[in-house]
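Trainee: Would you be able to build a 3D model of this:
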Amino acid sequence: MDIPTVNILGIPIHQMTRTELFSLLQERKEADQSTWVVTVNAELVMRAREKQQVADALQQADLLLADGSGIVWAARALGSYLPERLPGIEVAEGLVKWAAVAGLTMYFLGAQPGVAEEAIAKLRLKYPELEVVGHHHGYFQEAEAAGIIAEICSRRPDILLVALGAPRQELWLARHFADLGTCLAVGVGGSLDVWSGRVKRAPAWMGDRGLEWLYRLVTQPQRAGRMLALPRFVYQVMRAKMIGR
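Mentor: Modelled structure (predicted):
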């Protein structure tokens with residue numbers, strides 16, 4: 001795919017708008033081309049800098065999108081640009097809508113037992129034509145992966161949403177995407193929790209101002225340790241900017 005990228009601390013983020021993304025996905029679907037999409041935030045970039053295994057996994061993906069204002073800010077700080085942020089949950093819901101309208105099938109993998117069922121039930125209220133051909137919770141051991149892969153392959157979904165949390169979902173897809181026989185796979189983090197109603201998403205005005213991290217910190221204080229990646233990300237971006245100069 002000949003799509004320009006912006007190097008964010010070693011991770012190539014594709015310069016795409018939402019419209020361009022879904023147009024490309026439709027073209028690749030019609031051409032029967034498989035596609036693995038990763039939505040990248042600041043925390044995932046820092047994980048990739050700390051663990052080569054994560055960096056290698058991201059390099060295998062077909063599309064790396066700017067999930068969050070931190071990535072968009074970093075591109076600007078480094079003298080480039082990304083046209084807009086593409087939050088994972090919005091990409092995921094766009095895929096659900098597309099599937100419902102186009103008659104595509106979906107499979108949901110991840111979250112706690114029972115969450116996927118709740119998410120599917122609520123999504124079907126909004127998108128009655130949605131066809132979900134299977135689901136499985138995310139509390140499984142790697143030894144169970146073969147059985148899950150066999151089930152996904154037998155159901156032959158057009159779109160697979162993997163909600164195992166980053167970077168587990170990226171590492172899992174790096175190992176197994178080639179075996180899944182699915183057209184499109186996307187890591188969607190906590191999207192199933194939000195759709196099920198168990199977790200609330202930040203208000204739109206906070207997202208527009210790059211304050212989703214603050215909402216998560218207030219509503220999910222257990223994430224405080226993970227939030228330490230944000231100031232380290234800012235420091236590394238500014239350091240890269242100074243070295244570039």
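Trainee: ok, for Ala166, nearest residue in space, not its chain neighbours?
Mentor: Leu44 (4.9 Å; C-beta to C-beta, 6 or more residues apart in numbering). Yep, even glycine has a C-beta here, placed from its N, CA and C like the rest.
Trainee: buried sites along the helix or strand harbouring the one you found?
Mentor: Assigned by DSSP states H and E, Leu44 belongs to helix 42-50. Neighbour-count burial for helix 42-50 flags 42-49 (criterion: 16 or more other C-beta atoms under 10 Å).
Trainee: closest to Lys97 among the residues you listed?
Mentor: Nearest to Lys97 among those, counting by C-beta to C-beta, is Leu44 at 24.9 Å.
Trainee: Tell me who's in contact with the closest one.
Mentor: The contact partners of Leu44, taken as C-beta atoms under 8 Å, 6 or more residues apart in numbering, are 38, 54, 58, 67, 166-167, 170.
Trainee: Is it possible to get CSV of those residues that adds neighbour count?
Mentor: Converted to CSV, those look like this (neighbours: other C-beta atoms under 10 Å):
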residue, neighbour count
Val38, 27
Val54, 22
Leu58, 22
Asp67, 26
Ala166, 23
Pro167, 21
Glu170, 25
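Trainee: which among the residues you listed gets closest to Ala116?
Mentor: Out of the contacts of Leu44, the member with the shortest distance to Ala116 (by C-beta to C-beta) is Ala166, at 18.1 Å.
Trainee: wait, isn't that closest one in contact with Met46?
Mentor: No. Between Ala166 and Met46 there is no contact, the gap being 10.8 Å when judged by C-beta atoms under 8 Å.
Trainee: can you give me the helices in the chain?
Mentor: 18-30, 42-50, 52-60, 69-77, 88-102, 115-126, 145-155, 168-180, 191-196, 204-208, 212-219, 224-227, 229-244 (DSSP state H).
Trainee: contacting residues for the residue lying closest to His176 once chain neighbours are set aside?
Mentor: Excluding the flanking residues, the one nearest His176 by C-beta to C-beta, 6+ apart is Ile149, at 5.8 Å. Listed by C-beta under 8 Å, 6+ apart, the contact partners of Ile149 are 176, 179-180.
Trainee: Now do the contacts for Glu27.
Mentor: So Glu27 contacts nothing (C-beta under 8 Å, 6+ apart).
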